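In: From the sequence below, what's the structure:
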Amino acid sequence: MLVIMSWETLGKQVRERRGELGLTQTDVTARGGPSVETLRAIENNRAGRLSALMRGALERALKWESGSVDAILAGGVPTPVQPKVDVPLPTDRFALAREVLSLRATFAAHRDGIEPAAREALMEQITRSAREAEESIIKLMPWLDDAERGEAIRLLGELRAPV
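Out: Residues are numbered from 1 along each chain as shown. Alright, predicted model coming up:
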């Protein structure tokens, strides 16, 4: 099967993508993409060929996934790079442990008013949660400074104490 490369489609897609991103040809070049002359040739269907290095530079400048230029030339569509979501790190590394200890204290205060089956089920869940909090703290230990390590050890002792 003969694959006809669609340079005309590539030119249209590059022009449209620049418009979506609000970029001029000079902006694309400034982002590490091809030169303005090469972009003009691409957009006006006069390129004829692009090295792998130049294809990669064009993809990065236009925020397309790697392989998008080849996909367009093969009759497909480009894949925009998905923005990475920054997940903020918790300000309290031990929040889970503190929450489990708070639940344990609340449970202990109300234990006598809870029917036996529910009391047992809650205790099992609190125990599982305490183990998860312990495992999390233990995994963090190598990266903790002395003050945090002392707090971690104190919390581990509390998590392991009987209810």
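
In: Would you map the helices across the protein?
Out: Per DSSP state H, the chain carries helices over the ranges 7-21, 25-30, 36-43, 52-61, 68-73, 95-110, 116-140, 146-160.

In: Between helix 36-43 and the fourth one, find me the angle.
Out: Relative orientation of helix 52-61 with respect to helix 36-43: 90 degrees, computed using axes from the mean of the first three to the mean of the last three CA atoms, to 10 degrees.

In: Give me the local confidence score for Q13.
Out: With respect to pLDDT, Q13 scores 96.

In: surely it meets I72?
Out: Yes - with contacts counted by CB atoms under 8 Å, Q13 reaches I72, the gap being 5.2 Å. All C-beta spots, glycine's among them, are computed from the backbone N, C-alpha and C.

In: anything in contact with each of the two?
Out: In terms of CB atoms under 8 Å, 6 or more residues apart in numbering, Q13 and I72 are both contacted by the residues P78.

In: on that earlier part again, go through the helices of the chain and pick out the most buried.
Out: Greatest average neighbour count among the helices of the chain goes to helix 68-73 (a mean of 20), per mean count of other CB atoms under 10 Å.

In: helices or strands next to that helix in the packing?
Out: Helix 68-73 sits against helix 7-21, helix 52-61, with contacts defined as 3 or more CB pairs under 8 Å, 6 or more residues apart in numbering; DSSP states H and E.

In: Convert it to PDB, retaining C-alpha atoms only.
Out: Extracted in PDB, the C-alpha atoms of helix 68-73 (Å, rounded to 0.1, in the frame of the first residue of the first chain):
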ATOM      1  CA  SER A  68       2.200  14.100  15.700                       C
ATOM      2  CA  VAL A  69       3.900  15.400  12.500                       C
ATOM      3  CA  ASP A  70       4.200  11.900  11.200                       C
ATOM      4  CA  ALA A  71       0.600  11.200  12.100                       C
ATOM      5  CA  ILE A  72      -0.600  14.300  10.100                       C
ATOM      6  CA  LEU A  73       1.600  13.300   7.100                       C
END
